[in-house]
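Trainee: Sequence first, then the predicted structure, then my questions.
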Amino acid sequence: MYLLQIEDNRGDIMLVHQAVEAIDTHVELQVVEDGQAALDFLGQCGAGPPLRCPDVILLDLNLPRTQGENVLAELKQHPRLKGIPVVVFTGADDPHTVEHCYALGANAFLRKPMDIDEYFALIRTCVEFWHACQVPRLPPVP
């Protein structure tokens, strides 16, 4: 499984990395630290073997340059990228934000737990769930 984490917080990047390392499932983790860099990266994915598209995106909402909700909206409107599952993984739990993200096309919305064991368990559950799912393979860039 190829997982793209779009996150600017170094602590959360480290925690997801540690959680993924502890999972039996093979996960290749790529990190992009701001919204615009993520859109640029995803716009090029599929252009060749070194630039393959992620199977799942783990998206924070509070990002520099381009906010996560804008990243989500652009991805879900992009003809080639809209099929990539996007899991919003953020500290926000405002019902309006949750509803808005689902309206934009989020496949799941997970609140970051404060407890480290819960955090690791949630990442494990998320990875195992998406690993078990059939996700579309995107065609290469023409």
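Mentor: That came through, no problem.

Trainee: list the buried ones in stretch 75-85?
Mentor: 75-76, 80-81, 84-85 (16 or more other Cβ atoms under 10 Å). For glycine as for every other residue, the C-beta is placed from the backbone atoms N, C-alpha and C.

Trainee: Quick check: the two most widely separated of these?
Mentor: 80 and 85 (14.5 Å; Cβ to Cβ).

Trainee: still on that earlier bit, and the buried residues of stretch 75-85 as TSV, adding secondary structure, distance to residue 12 and pLDDT?
Mentor: Formatted as TSV, these follow (DSSP: H, G, I helix; E, B strand; the rest coil; distance: Cβ to Cβ, whole Å; pLDDT from 0 to 100):
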residue	secondary structure	distance to residue 12	pLDDT
75	helix	20	96
76	helix	23	96
80	coil	28	84
81	coil	23	90
84	coil	20	94
85	coil	19	96
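
Trainee: Nearest to residue 102 among those?
Mentor: residue 76 (10.8 Å).

Trainee: Go ahead and confirm the closest one touches residue 85.
Mentor: No. Here residue 76 lies out of contact with residue 85, judged by Cβ atoms under 8 Å, at a distance of 10.6 Å.

Trainee: circling back to that earlier point, pick the one among the buried residues of stretch 75-85 closest to residue 35.
Mentor: After measuring the buried residues of stretch 75-85 against residue 35 - Cβ to Cβ - the closest member comes out as residue 75, at 10.6 Å.
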